[in-house]
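1. Give me a model of this one.
(3 chains)
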Amino acid sequence: MKVARSKFAAIAAAGVMALVGSVLTGCSDPGSGSANTGSDSKPAAWPAQDTKLDGVKLTIWAAQNSNKTPASVISGFEKLTGATVNVVTIPDPYEQGVQTKVATGDKPDLAFWQPTASELTALNAKNNLISLDGAPWVANYTGKLADMTGSLDGTRYAALVTTPAVIGVYYNKEVFQKNGITSTPKNWSDFLTLAQQLKAKGVDPFYEMGADKWATQWWVQAQLADDAKNGLWDRVNTNKEKFTDPTIQGAINTYKKLIDQGLFNSDIKTANFADQGEALLSGKTAMVMQVNSFFNELQASASTAELNKKIGFFPISPSGNVGTYIPDQSNALVAFNTGDSKREAAARQFLSYWLGDGYQDFVNAQSTVSLLKGVQTPSSVPQALQDVAASLDTSVGSMQALAVANPDLYLNLADMIQGTKTPQQVAQATQNQFAQLAQAQGASGF
Amino acid sequence: MSSAASTFASAPHVRRRRSAVRFVQPAVALGLVALVLGVPFWLVVVTAGKTQAEAFNPNLSLPSHWQLWQNISTVFHQGRMTVAFFGSLFIMVPAVAGVLIIGAMASWVLARRTSRTMALVYALAISGLVLPPAVVTIVLLLRQLGLAGTGVGMVGVYMGMYMSTVIFFVTGFVRTIPVELEEAARMDGAGPARVFFRVILPLLGPTLATATILICLYIWNDVFYALFVIGGRIDTLPLNLYQVASAGLYLNNWHLIFTYIILMSLPLLITFAVLQRRIISGITSGAVK
Amino acid sequence: MTQLTTQSAVRAPARPASVANRRTRQRQDHPSWFLFPALIVLLVFFFLPTLYNFFYAFTNWSSFHSSISFVGLSNFKALVHDGSLLKDLRITLIYAVLVAIFQNLFGLVLALVLERDTAINRFARVAFFVPVVMSALAVGYIFQALLKPQGGLNHLLSFVSGHDVHVAWLGNTTWTILVVAIIHAWKWMGLSMLIYLAGLKTISEDVLEAARIDGAGWWTTFREIRFPLLAPAITFNVATALLGSMNGFDIVQATTAGGPGGTTELLNIFIFRTFGQGLFAQATTMSLALFAMVAVLAFPVIGILRRREAVLS
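-> Alright, predicted model coming up:
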């Protein structure tokens, strides 16, 4: 039927034109529903912790390694207020899944999220999150935690619930004793001297997990601690300094040199996270440069008593014992602006409860260091973790914490270990990626 | 011919070869199964029967004591498997039925009509085989239609994704159905709809069988698209695996994960085992024509 | 549609068969509206989103800001400059070819071994279909566990050979891509086997009888008669293997995540990672590139196979 065919063609053409038209009008992010209002200019309302919330349903997005974390808080909160809180697990890779879901317009009420400026930018905090300014619990943070992380451009978006991770060295005390080492190194050159001593005695000084990759970056970051204090990342953020310039390149070169000198395990290319934990516990290796989650792995297979006896911690930097802090996804939560003011208020209330009346039960249930004044750290927390928390006040920010964007430095370093990239190529690839991300964000200088 | 053949077949040297093969072949078959499949499946079953500590690093050793039934019940509860099973079913069945019928209807017309326009439409219709579906824009579109997070939306997405597959299979097959059958029905006064549903569709059984299997496989196991379209709102079997698979920093309850995987694969497997002969004879006239 | 039935009633007397009349009849007997449901579904749930997606390649869509503006071809230029695209395209191509070869080889061998309908063969066929039914994620987990340096496979090999086997199957920068392709083939060979089984059954018994009478051995029969007549099955299997491996990435993601050293990084893995960093427009640019590669490479191959089918049958 000629008529039917041409009618069909007309409909199709109209459809295509409508499509093209809508794209050409430069519409704003399709993921955001109505016109963006962003965060309120007036300070948010912070309801009392025990306000009744019957019939209110909150959704929390969590990763596979943080979905059991809020359990105690949720049961306490539900009992107190009558709300229902549901945890939805987003499969790994977590950040990618969350960003993609948010891009499709799907938003939870709360989600675990890395509280660093670069990651808050990646989530488009200004448009997607509600501000947590004026929160009653900020004043209760111990030490310098309140100012350390969780804010972007002066507005607080993330609530820290567990102490941020710190990059430092976990060592096997018994190996030290056996080899006549009586004190931990006080700076980087002492650290290396110590390693050479241990190597001479036949012990693997260091252990790296080349197959699982993500810890490779700690070696470079620890070397940058002094420079970070002196504004290294500010310069990198404005393109005044690059990854390929001597400071960062030098750190990468040193890492390669240490590997080539044989100071690491011989199976560095195939070792994984479980191997690393086992190696330190059994004394096969003396020291491991890692973050808190490494210690959590040790806790899965050894008791607190055993860990207190065997494993110690000290931070290290070029000129002293300064740690580099790197808050991760499981340390903090953000709240989304869903447009539903009742749920947004309830989300704030939930955070107030978590960092208020519910906090003591939380640290007891999770066996973690308390970060609120007046809440005791349970005695079941091993000494090493307490040392880690104690090092926070003098620590400096990592690349994740201070840089505007988060390139995959660890992936490039892992390629270097496998032999498919040279140190120069590592720095170059990382710089390229960093520049691309910074430019996409509209950072000045790129 | 046949008597000559049978005389030939019963000649002594052939008989000996035949019986040797008859013995060797099953041995080879079973050997292949044991080696190529046995080892991986052994790993799955053995790990599914262990405790968390033993299953931490999955290996081939036997569990010190079997707790398969316990694991099954844990997984059933944690993974809300009954709900998830029906979730998967209520999405897969309409999607498959819908895409088969609608796709077959279109294929029939595309196969019979030979104009240039139709050739173009056909090329467009099967381009979906090559183009990867764009998940973000699909969900955005669903959101505008008000279907985001709904079962209807998910069914629509799957139908869109696999329509090209159906059209690709069925069009070729329709061409092998003699037009005379249609003519006969039309002589009796049947309109196109009647002709299609009464005459053509029943004859499409074989090719639809092929398409059904493939599409069912993809939909039953799909995590990626389901996560973004209905994740968090509707339970399906592949999505609920993540309720069960928890991690320290890495997945660490392999005993539950592998138990879940066994349970999740059972429905399709049982269906296949039961309908095996039908399916193979179905495919015989399906994809390979 | 009553209009049509009355027309067909009127049509009953014979007419001169001119092309115009044939076309009209075609249009009446196979009406266009039969196409509409399928085309609507395709348009709404597939074409519109895909086209929309490709449009974004010309913008600066990212997770960092809400506004989207045109940037023309700058994403494409940046992509060409960056060496990763070509490297990943190459790896994806190698992977697809390896999968096509292995999957078909294994499937054909299995079909030939399990050809007869004995009880054991039927059991074996179901067994080989189990990997097809399992999710790709599950297959990834299983082989990750089996192929670790201290995993099941090395254990078995040590046991069998008597001395310590400690091969890092998933840790070799040159050969791991082969291992991953074999795993992919392992998962899907049951389906290839099924198609080849069906294909073998369509070969007419008379032709095979004639060959047997002429004294042709098994191998000659296979090479001269059965293999050529399997052409449609080969086309189907190679096509699905190529398309499936070029567009899929679950197995590789679950076993090596693109490692070691980026030597198994399929383009889809790179795309997913770029998307995950918030660089949405750049990711869609890359999927355009992948689509171009698939179109340029897969279609000619399928065309060649289709033509071979026509020649051989």
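
2. So which residues on the stretch 51-200 of chain C come close to chain A?
-> Within the stretch 51-200 of chain C, the positions near chain A by Cβ under 8 Å from any Cβ of the partner chain are C:51-52, C:55, C:60-70, C:78, C:82, C:148-149, C:168, C:171, C:173. Every C-beta, even on glycine, is put in place using the N, C-alpha and C of the backbone.

3. now with 10 Å?
-> If contact is defined as Cβ under 10 Å from any Cβ of the partner chain, the residues of the stretch 51-200 of chain C in contact with chain A are C:51-52, C:55-56, C:58-70, C:78, C:81-84, C:137, C:148-150, C:166-173.

4. so which of those are also by chain B?
-> Filtering these for proximity to chain B (criterion: Cβ under 10 Å from any Cβ) leaves C:51-52, C:55-56, C:61, C:137, C:148, C:150.

5. Outline the domain layout of chain B.
-> Taking automatic domain parsing as the criterion, chain B consists of the domains B:2-74, B:79-244.

6. Then chain A?
-> If you go by automatic domain parsing, the domain ranges for chain A are A:57-163+A:328-375, A:166-325+A:398-441.

7. Looking at the ones you listed, spot the one closest to chain B.
-> domain A:57-163+A:328-375 (3.7 Å; Cβ to the nearest Cβ).

8. Help me confirm that residue A:427 comes into contact with residue A:236.
-> No - Residue A:427 sits out of contact with residue A:236 when judged by Cβ atoms under 10 Å, with a separation of 11.7 Å.

9. Name the residues contacting each of those two.
-> For the pair residue A:427 and residue A:236, residues contacting each of them under the criterion Cβ atoms under 10 Å, 6 or more residues apart in numbering or on different chains are A:242-243, A:245, A:248.

10. Next, name the residue at the spatial heart of chain A.
-> Using Cα atoms, centre = their mean, the residue of chain A that lies closest to the mean C-alpha position is residue A:328, 2.0 Å off.

11. could you list every residue that touches that residue?
-> Residue A:328 sits next to A:63, A:65-66, A:112-116, A:119, A:162, A:164-165, A:291-293, A:400 when contact means Cβ under 10 Å, 6+ apart.

12. do the same with residue A:243
-> The contact partners of residue A:243, by Cβ under 10 Å, 6+ apart, come to A:220, A:236, A:249, A:251-252, A:399, A:407, A:409, A:412, A:426-435.

13. Return the subset of the residues you listed lying in helices.
-> Within these, membership in helices is found for A:220, A:236, A:249, A:251-252, A:399, A:409, A:412, A:426-435, as judged by DSSP state H.

14. so where's the chain shaky on pLDDT?
-> I went with chain A, as the question did not name one. By pLDDT under 70, the low-scoring segments of chain A are A:1-44.

15. that's the wrong chain, I meant chain C
-> Along chain C, the parts satisfying pLDDT under 70 run over C:1-19, C:23, C:26, C:247, C:309-310, C:312-313.

16. hang on, the earlier thing: tabulate the domains of chain A (TSV), appending distance to residue B:196.
-> As requested, the domains of chain A are exported to TSV (distance: least, Cβ to Cβ, whole Å):
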stretch	distance to residue B:196
domain A:57-163+A:328-375	37
domain A:166-325+A:398-441	52
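
17. Would you mind saying which of these lies nearest residue C:194?
-> domain A:57-163+A:328-375 (30.6 Å; Cβ to Cβ).

18. which parts of stretch A:437-444 are buried?
-> Of the residues in stretch A:437-444, A:437-441, A:443 count as buried by neighbour count, 16 or more other Cβ atoms under 10 Å in any protein chain shown.

19. Stretch A:351-368 now?
-> With burial defined by 16+ other Cβ under 10 Å, the residues of stretch A:351-368 counted as buried are A:351-356, A:358-360, A:362-368.

20. Same check on stretch A:387-394?
-> A:387-392.

21. What strand or helix carries the closest residue to residue B:134 other than its chain neighbours?
-> Residue nearest to residue B:134 in three dimensions, not counting chain neighbours: residue C:53, with 3.5 Å by Cβ to Cβ, 6 or more residues apart in numbering or on different chains. In this structure, residue C:53 sits in helix C:48-55 according to DSSP states H and E.

22. what's that helix packed up against?
-> Here helix C:48-55 is seen to pack against helix A:2-24, helix B:135-145, helix B:151-174, helix C:280-312 when contacts are counted using 3 or more Cβ pairs under 10 Å, 6 or more residues apart in numbering or on different chains; DSSP states H and E.

23. Now do that helix against helix B:135-145, angle only.
-> Using axes from the mean of the first three to the mean of the last three Cα atoms, to 10 degrees, the interaxial angle of helix C:48-55 with respect to helix B:135-145 works out to 130 degrees.

24. And the next helix or strand past helix C:48-55?
-> From helix C:48-55 onward toward the C-terminus, using DSSP H and E, the following helix or strand is helix C:74-81.

25. Excluding covalently adjacent residues, which one is nearest to residue C:46?
-> In space, not counting the residues next to it along the chain, residue C:46 is nearest to residue B:160; the distance is 3.9 Å by Cβ to Cβ, 6+ apart.

26. where does the one residue in the stretch 51-200 of chain B that gets nearest to chain C land on pLDDT?
-> Checking the stretch 51-200 of chain B residue by residue against chain C with Cβ to the nearest Cβ singles out residue B:160 as nearest, at 2.7 Å. What the model reports for residue B:160 is a pLDDT of 93.

27. hang on, the earlier thing: in helices, which of the contacts of residue A:328 fall?
-> Using DSSP H, the members of these that fall within helices are A:119, A:292-293, A:400.

28. from the residues you listed, which would you call buried?
-> Buried residues within the ones in helices among the contacts of residue A:328, defined by neighbour count using 16+ other Cβ under 10 Å: A:119, A:292-293, A:400.

29. Closest to residue C:130 out of those residues?
-> Proximity to residue C:130 was ranked across those by Cβ to Cβ; first place goes to residue A:293, at 35.9 Å.

30. Give me the number of neighbouring residues for residue 225.
-> No chain in the question, so chain A it is. For residue A:225, the neighbour count with other Cβ atoms under 10 Å in any protein chain shown is 25.

31. Oops, wrong one, chain C.
-> Taking other Cβ under 10 Å as the criterion, the count of residues near residue C:225 is 17.

32. Please apply the same query to residue A:425.
-> 14.

33. mind listing what the closest residue to residue A:383 other than its chain neighbours touches?
-> What sits nearest to residue A:383 in space, not counting adjacent residues and going by Cβ to Cβ, 6+ apart, is residue A:308, at 5.0 Å. Applying Cβ under 10 Å, 6+ apart, we find residue A:308 in contact with A:173, A:302, A:382-384, A:386.

34. Please repeat the previous calculation with a cut-off of 8 Å.
-> Residue A:308 makes contact with A:382-384 under the criterion Cβ atoms under 8 Å, 6 or more residues apart in numbering or on different chains.

35. ok, back up a step: give me the buried entries from the shared contacts of residue A:427 and residue A:236.
-> Buried by 16+ other Cβ under 10 Å: A:242-243, A:248, out of the shared contacts of residue A:427 and residue A:236.

36. Out of those, flag the one nearest to chain C.
-> Top of the list for closeness to chain C, among these and by Cβ to the nearest Cβ, is residue A:243 at 15.8 Å.

37. Pretty sure that closest one sits in a helix.
-> No - Residue A:243 sits outside any helix when classified using DSSP: H, G, I helix; E, B strand; the rest coil, being coil.

38. Setting aside sequence neighbours, what's the nearest residue to it?
-> Leaving aside its sequence neighbours, residue A:243 sits nearest to residue A:431 (Cβ to Cβ, 6+ apart; 4.0 Å).

39. For the one you found, give its distance to residue A:341.
-> Going from residue A:431 to residue A:341 by Cβ to Cβ, to the nearest Å gives 44 Å.

40. Of those two, give the one with the bigger neighbour count.
-> residue A:431 (19 against 11).

41. isn't that one right up against residue A:242?
-> Yes - Residue A:431 lies in contact with residue A:242 (Cβ atoms under 8 Å); the separation is 5.0 Å.

42. Tally up the residues packed near residue A:220, please.
-> Per other Cβ under 10 Å, the neighbour tally for residue A:220 reads 24.
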